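Colleague: How does the following fold in three dimensions:
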Amino acid sequence: MIQNYLKMAWRNLMKHRFISFINLFGLTMGLACCLLISIYIIHETSFDRYHSKADRIYRVTRNFNNPDGTVTLRLSTIAPPFGPLLKNDFPDIQQVTRLLPSGKTPVKYGDKLFSETQLFFADEHLFDVFDVNVTKGNPQKALQDPFTVMVSETVARKYFGNEEALNKIIKINNQFNLKVTGVFRSFPSNSHIHPEIMVSFNTLKDSAVYGDKQLQTNYGNNSFFTYFLVPENYPVKQIEAQFPAFIDKHMFFPGAPPAMKFSKLTTLGVQKLTDIHLYSHTDYEAEENGDITRVYIFSVIALIILLIACINYMNLATARSALRAKEIGIRKVAGAGKGELIAQFLSESVLIAWIAMILAILIAWITLPWINRLSDLTLTGQMLLNWKYMVPVILVPFIVGITSGIYPALFMSSFQPVKTLKGLFRTGGRSISFRQALVVMQFGISIVLIITTAIVFQQLRYMQQAKLGYHKELVVALPYYFTSNSQYEAFRNDILGQNHIQTIGRSSRIPTGRLLDSQNAAAESGDSLQPVNAELKYLAIDQDFIPSYGIGMAAGRNFSKAIVTDTANFLLNETAVKVLGWPSAEKAIGRNFSYGGTRGKVIGVVQDFHFESLRQRIAPMVLSMPNPALPNFYNALSVKIAGNNTTEAVIAIEKIWKRYLPEIPFEFSFVDDSYNKLYQAEQRQGRLFTIFAGIAILIACLGLLGLSSFAITQRIKEIGVRKVLGAGTGSIVFLLSKDFMKLVFLAALIAFPVAWYAMRQWLADFAYRIPVSWWIFVAAGSIAAAIALLTVSIMAIRAATANPVKSLRTE
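Modeller: Residues are numbered from 1 along each chain as shown. Below you'll find the predicted structure:
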């Protein structure tokens, strides 16, 4: 019987090839999108789950608060003393491990120079907490001794080729020799952190590196990723609830009152390891994390596209029911029951769904590399081969086939054989209303996608073209490695001696980065200095930083190398002046100010500029020029190129760099490129939105094309009569199109508030954003109407220009 159903289903598909193509194309594209997005979702939700103890591992985070309780800084890293104290104070914590990122680090082996961005200091307990595939060396001993290091297989091949990696000596920062004691396989792509070189944590105890005392007492350096392991099903909230008392018990700062409650100013929290990638969005992360909201958005888009395809099937199946009325009548007279007819119609929809699924798998497999390039991910079809996902994939064609075919099956199986065989059958108003509702739903969804895509791209364009308050073009950023001011001054003079160079400045951070540094401040109020109850972000600069970026002065002057006392003075930005409650930038000049224990005067106020991404509001900033004898305050160089001779300028900089720093690889970036990278996630999302919106609209239009062709076919004799009576082509096209245009108009009315609410929520993540303009909605509705009109007009014009004699001949 099933074989007979499938045979009849195939014959019906071949009989109505145009409609079968529309259904098959829609379901294929819908399922292909679902498969691609499912692979993305599986990848995003799989992060860090490969660890055997993943459900028992937690990361400790730290927040900083204003006295009023407002959180001003959220970090995924904490100070070094907390790790051992956690293990000591909480007996239920089975193990603690710490990782310290080293940032961009120069590494030398023999004559080879490398610059590594994934170098970490790691303690020996790492292997008790995480699953690391060690291929050479003993994981229990490899990181015990100071000045030892483990490298990934990738790094081992890069440095040593086919030679044995163990016991090789590499040098970091042109200072410290490290012995290779182990090799490990690189962390998988679905890990929130990817160390490629792990230096023994005990190396930090050396005073020339960091110092054991610093590890035990420095509560201000919050750079250490700290993880702990608890027993299975342990209520970790119990530990978190004790953190305030834990902080008050241990934390101290020189000069702080003995009774000071540090838990009022800083808090510790915990994050489950498997939640980090999708739910953690602190101000500092090991790598760029995903976003659970993005996962939800693309999940909805996948379901929407599949829903539109299913709607097509339902619409077209019920629309062509009149063509199958006699077939159904004959089957009923011959003894077929309602259940058998339902089974017949469902077999057709399931067959189409299965063919669509096979084609969808092929399309997904072919397009996956392109999607990877577009999204900057490493997705593979292998993810679906897991039995947990293969079963749903096998069930999907049945679910889609039954979902899309159940209403047409129930509808057509209810036909009365007497009416259908006498030719008295007409599709009822109820089925027409249902089809109209489905068309409204299709185009409502399409209009929402058009609006959201347009607003995403508008926001991206706004961020890329916004006035930042500084000039990001033609600025080359370099790391700062100079150990003495005299060495830097010689380097600076040689750089400025080049025709292609305009200025060169030093700073602790460069624009497009995050402002994570802050210290205690006190500002003049009346006749004394009063503590500032707000966080002022810190930036160390020299006298050349401001002109290198063309930052304007709102009042006062810039730092001067000729004025020795400027190392004790300060620049503020306009936002800081407002936060301090001073009446204006001009009135701030000459006021007493203290920051980080240094007391001086405000000598200038810079105009506000967007140091960070436009997602963040401009922070109140304090800029100071450190004493030249303390060059360690600086981390970056900014070189302003004169004219557009970027290639010649970079070559000249490289030559001078190699002369002064021969042991350090020359690496540079352009600040405008770094700025554009801030919004890569939104750019990728916008491109994918455009693709999926286009697919959804295409499927909806194909459905409308098929639906309009059936509607016009049913009115073919009416059209013939109207033409004989003198009706023109234009009036007939208008007559046939107006009913569909009413549906599109209704769809727009429903879609507008939905899209407005959705984009208002999305834009809320940006401190600086575009207004949601009314014309975008009108444009989206007009585009949908134009597409619908064009689609319907194709069939309407064809019917209106046909010879009326042919349509009336059968009367």
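Colleague: tell me the contacts of the residue nearest the centre of the chain?
Modeller: In the chain, the residue lying closest to the centroid (C-alpha atoms, centre = their mean) is Ala681, at 4.1 Å. For Ala681, the contacting residues are 288, 291, 294, by C-beta atoms under 8 Å, 6 or more residues apart in numbering. The way it works is simple: take the backbone N, C-alpha and C, and place the C-beta from them, glycine included.
Colleague: List only buried entries from these.
Modeller: With neighbours counted by 16 or more other C-beta atoms under 10 Å, these contain buried members at 291, 294.
Colleague: Which of the contacts of Ala681 fall in helices?
Modeller: Counting by DSSP state H, the part of those found in helices is Arg294.
Colleague: Just give me the closest of the contacts of Ala681 to Tyr549.
Modeller: Glu288 (25.0 Å; C-beta to C-beta).
Colleague: Three-state assignment for the closest residue to the closest one other than its chain neighbours, please.
Modeller: Using C-beta to C-beta, 6 or more residues apart in numbering and skipping residues adjacent in sequence, the residue nearest Glu288 is Ala681, 7.2 Å away. With DSSP: H, G, I helix; E, B strand; the rest coil as the basis, Ala681 sits in helix.
Colleague: next one: Pro392
Modeller: From three-state DSSP, the assignment for Pro392 is helix.
Colleague: What is the burial count for it?
Modeller: 11 (other C-beta atoms under 10 Å).
Colleague: mind showing which ranges of the stretch 601-750 of the chain have poor pLDDT?
Modeller: Low-confidence segments of the stretch 601-750 of the chain, defined by pLDDT under 70: 630-631, 706-707, 709-711, 713-716.
Colleague: Which stretches in it count as strands?
Modeller: 621-624, 636-641, 669-670 (DSSP state E, counting those that start in this stretch).
Colleague: hmm, back to that, from the contacts of Ala681, which is closest to Val476?
Modeller: Glu288 (23.5 Å).
Colleague: right, and Ile664 touches Asn174 too?
Modeller: Yes - if you go by C-beta atoms under 8 Å, Ile664 and Asn174 touch, sitting 6.5 Å apart.
Colleague: can you map out the strands along the stretch 251-400 of the chain?
Modeller: Using DSSP E, counting those that start in this stretch, strands in the stretch 251-400 of the chain cover 266-272.
Colleague: Please apply the same query to the stretch 51-200 of the chain.
Modeller: 57-65, 71-75, 95-101, 105-109, 112-116, 119-122, 134-136, 148-152, 169-172, 176-184, 197-200.
Colleague: ok, so of the contacts of Ala681, who is nearest Pro80?
Modeller: Glu288 (24.9 Å).
Colleague: any idea how far that closest one lies from Leu73?
Modeller: 19 Å (C-beta to C-beta, to the nearest Å).
Colleague: same question, Asn644
Modeller: Asn644 is 39 Å from Leu73, by C-beta to C-beta.
Colleague: How about Ile37?
Modeller: 35 Å.
Colleague: Comparing the two, which residue is more hemmed in?
Modeller: Ile37 (24 against 20).
Colleague: what sits against the more buried one?
Modeller: 298-299, 301-302.
Colleague: Quick check, pLDDT for it.
Modeller: Turning to Ile37, the model gives it a pLDDT of 88.
Colleague: One more: Tyr5?
Modeller: pLDDT, Tyr5: 51.
Colleague: now do the one 5 residues further on
Modeller: Per-residue confidence (pLDDT) for Trp10: 61.
Colleague: switch to numbering from 379
Modeller: Shifting the count to begin at 379 puts that one at Trp388.
Colleague: can you give me the helices for the stretch 729-878 of the chain?
Modeller: 765-791, 795-800, 807-843, 863-874 (DSSP state H, counting those that start in this stretch).
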